[in-house]
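**Q** fold the following and give me the result.
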Amino acid sequence: MIALWKKELVTFFSSLTGALVMAVFLVITGLFLWIIPGNFNILFGGYANLDGLFYMAPWLYLFLVPAITMRLFSDRKKNRARWNYY
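**A** Presented below is the predicted three-dimensional model:
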């Protein structure tokens, strides 16, 4: 199980998808936490806390995780169709 997890992790981070997902997450959280004024902004909050990050991160992952898994599922389906032993 750990070998499969390591293989998937290395494959994800060695592809363009991994870098793109990380960049999108970091840019969006950085914009909302530091640049865009509002409830999530750390600088305008009066005191430093990460409540905005912990509120915003699950919503970002709600859109980013399906994008990752759709690619993994399509790769699995493509490889299974090519090497069908059944």
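
**Q** against which helices or strands is the lengthiest helix in the chain packed?
**A** Secondary structure assigned by DSSP state H gives helix 51-82 as the longest helix of the chain. Here helix 51-82 touches helix 2-14, helix 16-30, going by 3 or more Cβ pairs under 8 Å, 6 or more residues apart in numbering; DSSP states H and E. All C-beta spots, glycine's among them, are computed from the backbone N, C-alpha and C.

**Q** out of these, deepest packed?
**A** Burial of those is given as mean neighbour count (mean count of other Cβ atoms under 10 Å); helix 16-30 ranks first at a mean of 13.

**Q** and that one with helix 51-82, angle?
**A** In terms of direction (axes from the mean of the first three to the mean of the last three Cα atoms, to 10 degrees), helix 16-30 departs from helix 51-82 by 170 degrees.

**Q** pLDDT on helix 16-30, on average?
**A** For helix 16-30, the mean per-residue pLDDT is 90.

**Q** how about stretch 58-72?
**A** 84.

**Q** one step back: how about the helices and strands packed on helix 51-82, which one is nearest residue 56?
**A** If you check each of those against residue 56 by Cβ to Cβ, helix 16-30 wins as the nearest, at 6.4 Å.

**Q** so who does residue 38 touch?
**A** 32, 44 (Cβ atoms under 8 Å, 6 or more residues apart in numbering).

**Q** can you report phi and psi for it?
**A** Backbone geometry at residue 38, expressed as degrees, to the nearest 10, gives phi 170, psi -160.

**Q** so how far is residue 76 from it?
**A** Residue 38 sits 40 Å away from residue 76, going by Cβ to Cβ, to the nearest Å.

**Q** could the helices and strands packed on helix 51-82 go into TSV alongside distance to residue 66?
**A** Putting these into TSV (distance: least, Cβ to Cβ, whole Å) gives the following:
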stretch	distance to residue 66
helix 2-14	14
helix 16-30	11
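
**Q** those helices: which one's closest to residue 59?
**A** Closest of these to residue 59 is helix 16-30, at 9.8 Å (criterion: Cβ to Cβ).

**Q** that older thread, what residues sit buried inside the longest helix of the chain?
**A** Neighbour counts over helix 51-82 (16 or more other Cβ atoms under 10 Å) mark 52, 56, 60, 64 as buried.

**Q** thanks a lot, catch you later.
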